[in-house]
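[1] Give me a 3D structure for the following:
(2 chains)
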Amino acid sequence: MMQNLKSEIVQSFIEGKIDRRSFLSASFKLFAITSISSALGCFYTLSQHKLVLSQEKENSLYHILNFLFPKEKHSPGIDEINTIPYFHLILIDQHVSDFDKKIILNGITWLEEECLLEYQKTFFNLSLKEKEKIINKVSKVVWGENWIAKILNFTFESLLGDPAYGINVNEIGWKWLNHKPGYPRAKGAHK
Amino acid sequence: MNSLGEEYDVCIVGSGAGAGPVAYELSKAGKSVLILEKGKWYSEKDFSKDEIKTCRRDIYTPKLNEEFHLSERYSEESQKWESKSSKKFGPSFWNGNCVGGSTNFMAAYFYRLKPKDFRLKSEFGEVKGANVVDWPISYEELEPYYAKVESLVGVSGRVKKHPNLEPRSTSDFPFPPLAESIVSELIDKAAFDLGFNSLPVSRGIISKSLNKRSPCYYSNYCGSYGCSSGAKGSSRAALLNSAVETGNCRILTESQVYKLNSDKKKVTSISYYDKFGNSKKARAKQYVVACQAIETSRLLLNSSNSFHPNGIGNSSGQLGKNLLFSAGGSGGGELNVKDFSNEIAKKIMQPGLFINRGFQDWYYINDKSFGAKAKGGTIDFLFEHANPIRRASSAKWEGSRLLWGKELKRKLEDDFINKRHIRFEIFNDWLPTDNCYVSLGEKKDKWGSKVAKVRLGYHKHDLKVASYLEKQTLKIMEKLKLHNVYSSISPNPPTNLIAGGCRFGDNPKTSYLDRDCKAHFIDNLYVTDGSFMPTGGSVPYTWTIYANSFRVAEVIKGGV
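    Below is the predicted model of the structure:
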């Protein structure tokens, strides 16, 4: 899967579908995923899997989560807690149900469809006010509420889970919220 | 002979609270014991305070797309019983599949039943629409075994006299109470001002060393987590390790039992899949099923044959019937550090210590505003779980409105830094009815066995009692000056407090088990988990399951 993802990123860059900044950003994320995967050892099945986060969906999710959980001077954002690489891993975690994985992926598609329908723009290209309006709108329907709640919960995992998973880097989430972890700590993902 | 080339004295299905005492007593007595456990064997060193692994993934429970439950609830809208699968939206009743079962992950709030719980029908009369019966044994018969659990499994606490205190054969607990938070004092004061009896809650957690088990180290992550010191009285830590050390007890893990084979009067062998998926058989003189109430009924129903077309030993039709949960509800509120001096605030926020306070002033209700005298229940106070991910997940809601962005972040900061959440839980009898039972669904699990279909009907009286207890609880919450108090009385069953389905009794027409928890119509089949209970009392069940299993172990010991 890593190889496929890498090829996809490189191909997109070569074909001019993504600019240099996006290419570097994607490459960094790929590095982060690879690092986390390595830390996780053989737990995750890094084999073929249909429920994966495509580059397009990853870009969408990145902007959506940046809006839902924005970085501030004194509080971490999703880059610092490795949220996007963590979502890649959630999608290949055999202990996360396919049902949840489908909710995550379908929600991204449906939100982008709503954006196009309402504003003829992708979520990324919306103004802050438009983003607020569209998120507010979908949060009032069942699928939207479930989906936002779900992706926030997984974001909280990356904020407040054990850094052994490659998330909550340097315990930044725990430090921000003055949280004391329990001992013994995790030895690795699900270990 | 089985695949191990042996015939055992006793073969036990499951390894939790109902299994541990039987394995312990019989192996100590020199009898050969085989335990078939579907999960893995973890020890203290395998457990960590990893919230993702322990509380948010199915590491210790089966994957729901492979092994699931069907549950039926009555829809007022369609006027029908509607079925849902735990694959999607329906409740899951798995609570820990590994050696020691769900006792590894229990919070271990240990309460005894009271004498009147054994004769609910005689004391309070019939309730229309409920199948209330007296137990075939008395509190006095079970009391020595409650005491045995205190010393062997390890129960810490302090006896405080109060009007509803049950009789005891010993003056106090063998283990002193666990260290308490300043919040316990606040509750004591509130109770005193209200004229209520605030009680120290005993716990199945040792406060000083016992054999190879270390005392509680106040990790702040107790309920739902495996214990890393062995302080928690899991069946594994407290009993099975000792049983295995005798050399007489063998535990086969990742062994999924799918059928008890029988002739007309006896179980002849037990069929299971080993860890490689191979079908195997084991034989013993006596068989004990103790794999938690729903799964026990399901296995016995799945063990039908030409002698027993409706499930093994089920000529009464009682198998799976009168399933029990714990009725009641829960709620909570917040202590805000800004309301206290720095010194007190620091103590309130100190992690690790327990509240361990409960109320049983209304275990029996004698209040004209309620109606006739009735059975009431227990109220427990506790800190909300320290789990930060779950806490953040709750904080993202403002009522029914989802928060995001900066508003969400400010809420998280306020919640984590300024507040300590106090919870209460109400336990009252879940009355047995014809609408709460286990049957077999048409769908099969990954092993090819029919899954359990659980009808989740409740009696309205349960809600009436719970609401009465809620009113009393809210008086205490108000006195504590908690913020954002919430409370919910619900007919939804807690998925970790399950009993009944194989009720015991003296009449074979109205019960599945006899008073010794042996199946009426099968000579060598016992059930020792919570399935035997005809009524549940108004407390968590674990201590009673342990005690009864010790009682039945003596009977089985005499028979082999």
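
[2] Run a quick neighbour tally on the closest residue to chain B within chain A.
    Nearest residue of chain A to chain B, counting by Cβ to the nearest Cβ: A:Gly182, 2.9 Å away. Heads up, the C-betas are built off the backbone N, CA and C, glycines and all. Counted with other Cβ atoms under 10 Å in any protein chain shown, residues neighbouring A:Gly182 total 22.

[3] does it really touch B:Cys55, like I thought?
    No - assessed by Cβ atoms under 8 Å, A:Gly182 is found out of contact with B:Cys55, at 11.6 Å.

[4] overlap in contacts of these two?
    Taking Cβ atoms under 8 Å, 6 or more residues apart in numbering or on different chains as the criterion, A:Gly182 and B:Cys55 both touch B:Tyr225.

[5] burial of the nearest residue to B:Ser531 once chain neighbours are set aside, as a residue count?
    Leaving aside its sequence neighbours, B:Ser531 sits nearest to B:Cys502 (Cβ to Cβ, 6 or more residues apart in numbering or on different chains; 3.9 Å). Number of residues near B:Cys502 (other Cβ under 10 Å) recorded here: 31.

[6] what does A:Glu118 give?
    Counted by other Cβ under 10 Å, the residues lying close to A:Glu118 total 13.

[7] same deal with B:Gly371?
    B:Gly371: 11 surrounding residues under other Cβ under 10 Å.

[8] In the stretch 1-150 of chain B, which residue sits nearest chain A?
    Counting by Cβ to the nearest Cβ, the stretch 1-150 of chain B gets nearest chain A through B:Lys49, at 2.9 Å.

[9] Can you say which helix or strand has that residue in it?
    Using DSSP states H and E, B:Lys49 sits in no helix or strand.

[10] From B:Thr170, how far out is the residue nearest the centre of chain B?
    In chain B, the C-alpha nearest the mean C-alpha coordinate belongs to B:Leu497, at 4.1 Å (Cα atoms, centre = their mean). Distance, B:Leu497 to B:Thr170, by Cβ to Cβ, to the nearest Å: 27 Å.

[11] Spit out the contact partners of B:Glu478.
    B:Glu478 makes contacts with B:Val485, as judged by Cβ under 8 Å, 6+ apart.

[12] Just want the phi and psi numbers for it.
    Dihedral angles of B:Glu478 (phi, psi; degrees, to the nearest 10) stand at phi -70, psi -40.

[13] Next one, pLDDT for it please.
    Note for B:Glu478: predicted pLDDT of 96.

[14] same deal with the one 4 residues further on?
    According to the per-residue confidence, B:Leu482 scores 97 in pLDDT.

[15] My read is that it contacts B:Arg420, right?
    No - when contacts are counted by Cβ under 8 Å, B:Leu482 is not listed as touching B:Arg420 (9.9 Å).

[16] Looking at these two, which one has more neighbours?
    Neighbour tally, B:Leu482 and B:Arg420, criterion other Cβ under 10 Å: the higher count belongs to B:Leu482, 22 against 18.

[17] ok, now how distant is the more buried one from B:His520?
    Distance of B:Leu482 to B:His520, given as Cβ to Cβ: 51 Å.

[18] which residues touch residue 103?
    This is for chain A. Counting by Cβ under 8 Å, 6+ apart, A:Ile103 touches A:Asn146, A:Trp147, A:Lys150.

[19] meant chain B actually
    B:Gly16, B:Ala17, B:Gly20, B:Gly96, B:Lys232, B:Gly233, B:Ser234, B:Ser235, B:Arg236, B:Thr542 are the contacts of B:Thr103 under Cβ under 8 Å, 6+ apart.

[20] I figured the fifth one hits B:Ser207, correct?
    No - counting by Cβ under 8 Å, B:Ser207 is not a contact partner of B:Lys232; they are 11.7 Å apart.

[21] between those two, what contacts are shared?
    With Cβ under 8 Å, 6+ apart, B:Lys232 and B:Ser207 have common neighbours B:Cys216.

[22] ok, these two, which is more surrounded?
    Using other Cβ under 10 Å as the criterion, B:Lys232 and B:Ser207 rank with B:Lys232 on top: 31 against 20.

[23] List, one by one, the residues from the stretch 251-400 of chain B near chain A.
    B:Pro351, B:Ala386, B:Pro388, B:Ile389, B:Ala392, B:Ser393, B:Lys396 (Cβ under 8 Å from any Cβ of the partner chain).

[24] With that, I have no additional questions.
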